[in-house]
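Novice: here are the coordinates; sequence isn't available:
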């Protein structure tokens, strides 16, 4: 269980003014829950995720995982990055094994585990390729395999499918669901796509910007497993109702900030 | 965790293949004449003919013709005097260049990693990059004399700036997302250096070494021509005072060949050691 | 609450917060003090303290040694750089635009760029004799190739979309070059010009040291032969000022001409 209490963070902007990235955020992520976080750009969703990962400090409040205060990165958490963050000089296998290597796992063992995961994410046969030789979708499979390889209890995903095209994104969503249905770790998944948030999440956390706050938490009562019939799910009335509601809220937020147009990331 | 999801075939790698070039329908001999090699040869031939004419009709005492120079090159490559001068010159080059790499790479790594050191060193590196370093040769001669030490130090000073500047920018350009990623997997400072920073900076380190080598050759030539008249530089000045234009030019040609061979070798090594960076390697 | 408001920031954060110019000034001041101290402690003829060098510089300015030779040097620099720039722009544009020109000159220009330029000094000496022409020749050899290559690659890399746009509005080759291609390539061309200016200053000094008839290069050599360490360092200071000022001047011109380029992308370059 991840408990976030009174989390606040202010940056100093370029003009010297204070920007409130997060203001007094309270959130509880249940065990084995798939939580998606949705919000316009600048709402602090990525900031919050990186704080859970222990990568950036905050000013006030606390984050605890199973009762233990977060103080830097830890072995029970693994992160999947927005722009993949793969080592361009290392092979697919070495990239997947990276987290294990950092923990001092021997070469033979980590390569064996890495090979399993490369197969899990559908990249068997690509073990010796370098990231530059892979498409964006394949690169993010490597990023996912790298995170899964360290057997985390919490998987932190920062707009992982934001940098791939629409069809690939769809495939990756289905595969992520399939993998998660076999291995229900706790997932915190950041996205700026309403459809993605509803499709994947048990609950959707809607955040608003300036200051970054949680504006609403929406339950998604869609049946699981969802991986086998994503298309059917999207035609269901529940799905349309939830997305319509989210869109309504997002539009209000944009109106408040006097902006027109879609949700840019 | 041990998921048994059936593996899927991944989507295709190449998203937009390069469109095939239009077929060249001209006859083979026309294509051969219009090829890059043909133009390169043409360029060289024009240059050689122009040189030959100039040398023959307007050359004067010190300007040999192209053919005289070619013959003199032939002379020199079998001349033991040339090779002993060559060895003496290269002694300074090798020692000075090695010193520049051994000192410059760690220095560049440190400057890249620690912002305070980087900010304070910035103005000096910029000055060193644009200032003609040859002007310190008189000071070198005053302090360590006309010997090997003087030449080695100058070669080192010439080369080290390039090494430091490139290594530093290489470390700074390592994608911050990779550093964050390493930290999220609990990498120690040592692991971060070994697995992220140094491999990430390797292309720039190799570029620095290649450019440093070029500067080292320059330093070697400059110190011998300007101050310490020994070895190859001494040979050039010697031929000049004997009005032996052909051998003077031939020595210069051989120095140029050495420089190009060394830099070509460094370039090759660079592409071997950091193949993933081949398309990043520009502005060399 | 945040680190920015903390009462006493560490030395480290203070240095990090300085602007570029402030950091340079601080760094130069530290360097000057160190120079003075080391010079006084070491007591060697080749490394006199800064104060002594400045006094010597004052003397040389008063006796007219600096001004006359500086003017000579700048003359060499301007003529040499002017020739270089003309060659660089014309040949570079031709190489960037026409495949055959590029094929003919490409590898030779690259070879000459990487070669040690001063070896050509004896060649200029043999052709032009011991005079200003040879020094100008050396300046050209130092600075022109980098400008040819950057101009060529800048012209080659102009977005094909822009060129097609120009064509679609009926621009001929000349108008295409002057109204579309060269302006679009200008920011990258200026990168080459800046490098070329730096190299031209180096060529000027090295040429003058080799063909010691005029300029700062000649008097620095002479000071060395007299074992006048303070004199060498005084002239070196002048040389540094010339080099830095020449590059700064180029940047100023660059900023005026390519003011449409967003500043951030320039900083990144």
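Specialist: All right, it came through fine. Bear in mind the structure is a predicted one, so any value in this text is a computation, not a measurement. Numbering: from 1, shown residues only, chains lettered A, B, ... in the order given.

Novice: In contact with residue 118, which residues are there?
Specialist: I went with chain A, as the question did not name one. Residues near residue A:118 by Cβ atoms under 8 Å, 6 or more residues apart in numbering or on different chains: A:92-93, A:96, A:124, A:126-127, A:142, A:145. No exception for glycine: its C-beta is placed from N, CA and C like everyone else's.

Novice: wait, chain C
Specialist: The contact partners of residue C:118, taken as Cβ under 8 Å, 6+ apart, are B:218, B:221-222, B:225-226, C:138, C:206-207, C:210.

Novice: Check residue C:54 too.
Specialist: When contacts are counted by Cβ under 8 Å, 6+ apart, residue C:54 touches residue C:234.

Novice: tell me which residues of the helix or strand hosting it are tucked away?
Specialist: Residue C:54 belongs to helix C:50-62 when assigned by DSSP states H and E. For helix C:50-62, burial by neighbour count (16 or more other Cβ atoms under 10 Å in any protein chain shown) applies to C:50, C:52-54, C:56-57, C:60.

Novice: For the contacts of residue C:118, pick the one with the most neighbours.
Specialist: Within those, neighbour counts (other Cβ atoms under 10 Å in any protein chain shown) peak at residue C:207, which reaches 35 neighbours.

Novice: Which pLDDT does the model give that one?
Specialist: pLDDT for residue C:207: 88.

Novice: That one against residue C:122, yeah?
Specialist: No: Residue C:207 lies out of contact with residue C:122 (Cβ atoms under 8 Å); the separation is 11.4 Å.

Novice: rewinding a little: and the furthest pair within the buried residues of helix C:50-62?
Specialist: Greatest spacing in the buried residues of helix C:50-62, by Cβ to Cβ: C:50 and C:60 (15.3 Å).

Novice: Now tabulate the buried residues of helix C:50-62 in a markdown table and tack on distance to residue A:255 and pLDDT.
Specialist: Shown next, in a markdown table, are the buried residues of helix C:50-62 (distance: Cβ to Cβ, whole Å; pLDDT from 0 to 100):
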| residue | distance to residue A:255 | pLDDT |
| --- | --- | --- |
| C:50 | 65 | 84 |
| C:52 | 72 | 82 |
| C:53 | 68 | 83 |
| C:54 | 66 | 86 |
| C:56 | 72 | 83 |
| C:57 | 68 | 85 |
| C:60 | 72 | 83 |
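
Novice: what's the closest of those to chain B?
Specialist: Within these, the smallest distance to chain B is 11.5 Å, found for residue C:53 (Cβ to the nearest Cβ).

Novice: Could you list the low-pLDDT ranges of chain B?
Specialist: Chain B contains residues with pLDDT under 70 at B:1-24, B:228, B:276-284.

Novice: where exactly do the helices run in it?
Specialist: Secondary structure of chain B, counting by DSSP state H: helices at B:28-33, B:36-57, B:66-77, B:80-113, B:115-130, B:137-144, B:148-172, B:176-184, B:189-192, B:198-226, B:231-241, B:245-273.

Novice: quick check: angle from the fourth one to helix B:148-172?
Specialist: Orientation of helix B:80-113 against helix B:148-172 (axes from the mean of the first three to the mean of the last three Cα atoms, to 10 degrees) gives an angle of 40 degrees.

Novice: cool, the fifth one as well?
Specialist: Going by the same axes, to 10 degrees, helix B:115-130 is angled at 130 degrees with respect to helix B:148-172.

Novice: buried sites along helix B:115-130?
Specialist: B:116, B:118-123, B:126-130.

Novice: How far away from the center of its chain is the helix holding residue C:54?
Specialist: Remark: helix C:50-62 is offset 25 Å from the chain centroid, using Cα atoms, centre = their mean, to the nearest Å.

Novice: likewise stretch B:54-61?
Specialist: For stretch B:54-61, the distance to the chain centre is 34 Å (Cα atoms, centre = their mean).

Novice: Quote the end-to-end distance of that stretch.
Specialist: Using Cα to Cα, to the nearest Å, the end-to-end distance of stretch B:54-61 comes to 12 Å.

Novice: any bit of the host helix or strand of residue C:93 sitting next to chain B?
Specialist: For residue C:93, the element it lies in under DSSP H and E is helix C:65-97. No: against chain B, helix C:65-97 shows no contacts by Cβ under 8 Å from any Cβ of the partner chain, the least distance being 10.8 Å.

Novice: Now do that helix against helix C:50-62, angle only.
Specialist: Inter-element angle recorded for helix C:65-97 and helix C:50-62: 90 degrees (by the same axes, to 10 degrees).

Novice: could you say what helices and strands helix C:65-97 packs with?
Specialist: With contacts taken as 3 or more Cβ pairs under 8 Å, 6 or more residues apart in numbering or on different chains; DSSP states H and E, helix C:65-97 sits against helix C:50-62, helix C:99-114, helix C:132-156, helix C:182-210, helix C:215-225, helix C:229-257.

Novice: again, 7 Å this time
Specialist: Packed against helix C:65-97 by the contact rule (3 or more Cβ pairs under 7 Å, 6 or more residues apart in numbering or on different chains; DSSP states H and E) you find helix C:99-114, helix C:132-156, helix C:182-210, helix C:215-225.

Novice: Ok, which of these comes nearest chain B?
Specialist: Comparison of those against chain B by Cβ to the nearest Cβ identifies helix C:215-225 as nearest, at 2.3 Å.

Novice: relative to helix C:182-210, how tilted is the closest one?
Specialist: With the same axes, to 10 degrees defining the directions, helix C:215-225 sits at 30 degrees from helix C:182-210.

Novice: and helix C:215-225, how far from the chain's centre?
Specialist: Taking Cα atoms, centre = their mean, one finds helix C:215-225 lying 21 Å from the centre of the chain it belongs to.

Novice: thinking again about what came up before, list just the nearest of the buried residues of helix B:115-130 to chain A.
Specialist: Checking the buried residues of helix B:115-130 against chain A by Cβ to the nearest Cβ gives residue B:119 as the nearest, at 18.6 Å.

Novice: right, and that closest one touches residue C:23 too?
Specialist: Yes: in this structure, residue B:119 is within contact of residue C:23 by Cβ atoms under 7 Å, at 4.5 Å.
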